[in-house]
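Student: Next come a sequence and a model predicted from it.
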Amino acid sequence: MLLRRRSTSKIALVIAAVLAPALLGTTAMAAPTVGHGSPVDVPATAAPSLTWQGCGGDIPPAVECATLKVPLDHGRPGGKKIDVSLSRIKAADPGKRRGTLLFNPGGPSGSGLFYPLALSGLLPQSVKDRYDLIGFDPRGVGASSPLACGTNTADERLTYRPYKRATFAKDLAWARDIADRCRNRNRETLRHVTTRNTARDMDIMRAALGEQRISYFGLSYGTYLGSVYTQLFPQRVDRFVLDSAVDPERVWRSMGQSWAEQAETAFDRWTDWTARHAAQYGLGDTPAEVEKLFWDIVARADREPLDLGGTRFDGAEVREYIRWEITHPSVAARTLGLLRDAAAGKPVPTFPTFVPTDNELASYLAIVCGDARWPTDPAVYRADSRRDSVRYPLYGDSVSNIFPCAYWDRPIEAATKVDNKVHALIVQNEWDSQTPLATALGLRRALKGSRLVTVDEGQGHGVYSLGISACADGVTTTYLTTGRLPARDVICAADPLPTADSRSISPNPNPNLNPVPNHFPFPGR
């Protein structure tokens, strides 16, 4: 289950530069518009307002920032307030402006405050002409009343803990300790950091922005947040694009287990691709030879961890690293070559590692533990781990071993049942192992008024504006600019895959857009 590695990206540098300065601007507060499916009935009051100012730091002046105050508990709109931080890039052509386009980059725990800035070089001009691009950090994340669990070391924050009989009792103690720390540090707030409440915050944003309806682009976890919004506020939905989809019926443990179902197939496809490019990579002339090389390296790392530029990886960590990269074949092939060198005792570059911050861990757990109930019996986790470590050789029991959610307080609301006819566009790669095609089909069944664009032979996590499929980009841009959904679901061809990549180690061949997998077990970024 874990979190381990992340390379530095442009968006990470942008966010790091601006989260340190104080975000300026406050708002008056109003009660939320509560939509269908909400357990509370809140009377409407005057819409809040926003005061936009420069964001500070190295952020360009075209990007403005503001802070919105929202109820901690939407069932008590007159009670305690928390801050939600927003950013805005105004529509490039006021004469063509349609409204606002909100963004969520995934996670959960992903900062979206400057996601529009990171996307600005990728989105087509026709979209930037028509929408104010709105980024925000969801409640509990980053600059939005951030949560903290009080963890101090990397080991405390690593959630990938393969099952071992000798360490299971220690892992149980770790999971209970993390849950207790999160609860004790956030007694008033923790249970209110949920996807449903973030969706309610979005509706307050809508009112504060002066819009009757909002448009939205959500990636990965962002597709679940978007689908929950469609269920709670169907009358407020304009044009929703849901890219790389979470199945709302599988929130959350089952969603993580869906990765295991896809990872083994993705691995087979990758060994085939690598063998076909043997002249370039020299990792084996057949898929069987590539596979044998990989498992020999895993066995070597289990006997004695590999030195990867000063970081030591055992076999489980080698498997974890490769399984994030195999949907980008050239990147994974280059990494396997480096692993082979390390196993032979040759020096290799430092492998980028990712240890979550305390806030990333806290806000992530708040969502995955607070949205839905988890098993509470340790025997369930032990049995599932034993089963899955055999069933899925590559993926193993990455989402099956004990997790802090086992010791979490019971969610204050049931997971949202998404079942409506709201129009939306779902875009999905056929071979995305982080949000598999099967989970996109699940979201398509739940959103009966939606259309699904599947990229045939598409690989990787994320589709729109990433150079995956010109066809899929065209359908999505047409929808955002005209509102026209396809008459039926669409199958698009993937653009040709690159046969090489200049970066020696990188989990995603596009450095401009959230290039690193979340490495939390659910549901990916």
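Tutor: That came through, no problem.

Student: Now do stretch 267-276: distance to the chain's middle.
Tutor: Offset of stretch 267-276 from its chain centre (C-alpha atoms, centre = their mean, to the nearest Å): 26 Å.

Student: In contact with residue 361: list those residues for me.
Tutor: 3, 109, 149, 151, 157, 159, 178 (C-beta atoms under 8 Å, 6 or more residues apart in numbering). (Each C-beta comes from the backbone N, C-alpha and C, glycine too.)

Student: Looks to me like it is in a helix.
Tutor: Yes - assessed with DSSP: H, G, I helix; E, B strand; the rest coil, residue 361 lies in a helix.

Student: Run through the strands of the stretch 201-350 of the chain in chain order.
Tutor: In the stretch 201-350 of the chain, the strands defined using DSSP state E, counting those that start in this stretch lie at 214-219, 237-243, 306-308, 311-313.

Student: Same question for the chain.
Tutor: All strands of the chain, identified by DSSP state E, fall at 53-54, 63-71, 81-89, 99-104, 131-136, 214-219, 237-243, 306-308, 311-313, 425-431, 451-459, 490-493.

Student: I'd like those strands as JSON lines, with mean pLDDT, mean neighbour count and distance to residue 207 appended.
Tutor: Converted to JSON lines, those look like this (pLDDT from 0 to 100; neighbours: other C-beta atoms under 10 Å; distance: least, C-beta to C-beta, whole Å):
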{"stretch": "strand 53-54", "mean pLDDT": "96", "mean neighbour count": "14", "distance to residue 207": "20"}
{"stretch": "strand 63-71", "mean pLDDT": "97", "mean neighbour count": "23", "distance to residue 207": "10"}
{"stretch": "strand 81-89", "mean pLDDT": "98", "mean neighbour count": "22", "distance to residue 207": "13"}
{"stretch": "strand 99-104", "mean pLDDT": "98", "mean neighbour count": "24", "distance to residue 207": "11"}
{"stretch": "strand 131-136", "mean pLDDT": "98", "mean neighbour count": "25", "distance to residue 207": "13"}
{"stretch": "strand 214-219", "mean pLDDT": "98", "mean neighbour count": "26", "distance to residue 207": "10"}
{"stretch": "strand 237-243", "mean pLDDT": "98", "mean neighbour count": "25", "distance to residue 207": "14"}
{"stretch": "strand 306-308", "mean pLDDT": "92", "mean neighbour count": "21", "distance to residue 207": "50"}
{"stretch": "strand 311-313", "mean pLDDT": "89", "mean neighbour count": "16", "distance to residue 207": "48"}
{"stretch": "strand 425-431", "mean pLDDT": "96", "mean neighbour count": "24", "distance to residue 207": "25"}
{"stretch": "strand 451-459", "mean pLDDT": "95", "mean neighbour count": "21", "distance to residue 207": "28"}
{"stretch": "strand 490-493", "mean pLDDT": "98", "mean neighbour count": "16", "distance to residue 207": "34"}
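
Student: Residue 201 contacts residue 69, correct?
Tutor: No - taking contacts as C-beta atoms under 8 Å, residue 201 lies outside contact range of residue 69: 10.3 Å.

Student: Quickly list what's touching both of these two.
Tutor: In contact with both residue 201 and residue 69: residue 84, using C-beta under 8 Å, 6+ apart.

Student: confidence score at the closest residue to residue 460 other than its chain neighbours?
Tutor: Leaving aside its chain neighbours, residue 460 sits nearest to residue 327 (4.8 Å; criterion: C-beta to C-beta, 6 or more residues apart in numbering). Confidence at residue 327, expressed as pLDDT, is 79.

Student: Ok, residue 24 next?
Tutor: 31.

Student: Where does pLDDT dip in this structure?
Tutor: Confidence mapping of the chain against pLDDT under 70 gives the ranges 1-46, 498-525.

Student: so who does residue 63 touch?
Tutor: Going by C-beta under 8 Å, 6+ apart, residue 63 touches 55, 87, 88, 89, 114, 116, 117.

Student: returning to what we had before: now the strands of the chain in a markdown table, with distance to residue 186?
Tutor: A markdown table is the format used below for the strands of the chain (distance: least, C-beta to C-beta, whole Å):
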| stretch | distance to residue 186 |
| --- | --- |
| strand 53-54 | 29 |
| strand 63-71 | 16 |
| strand 81-89 | 11 |
| strand 99-104 | 22 |
| strand 131-136 | 20 |
| strand 214-219 | 25 |
| strand 237-243 | 30 |
| strand 306-308 | 36 |
| strand 311-313 | 32 |
| strand 425-431 | 34 |
| strand 451-459 | 38 |
| strand 490-493 | 44 |
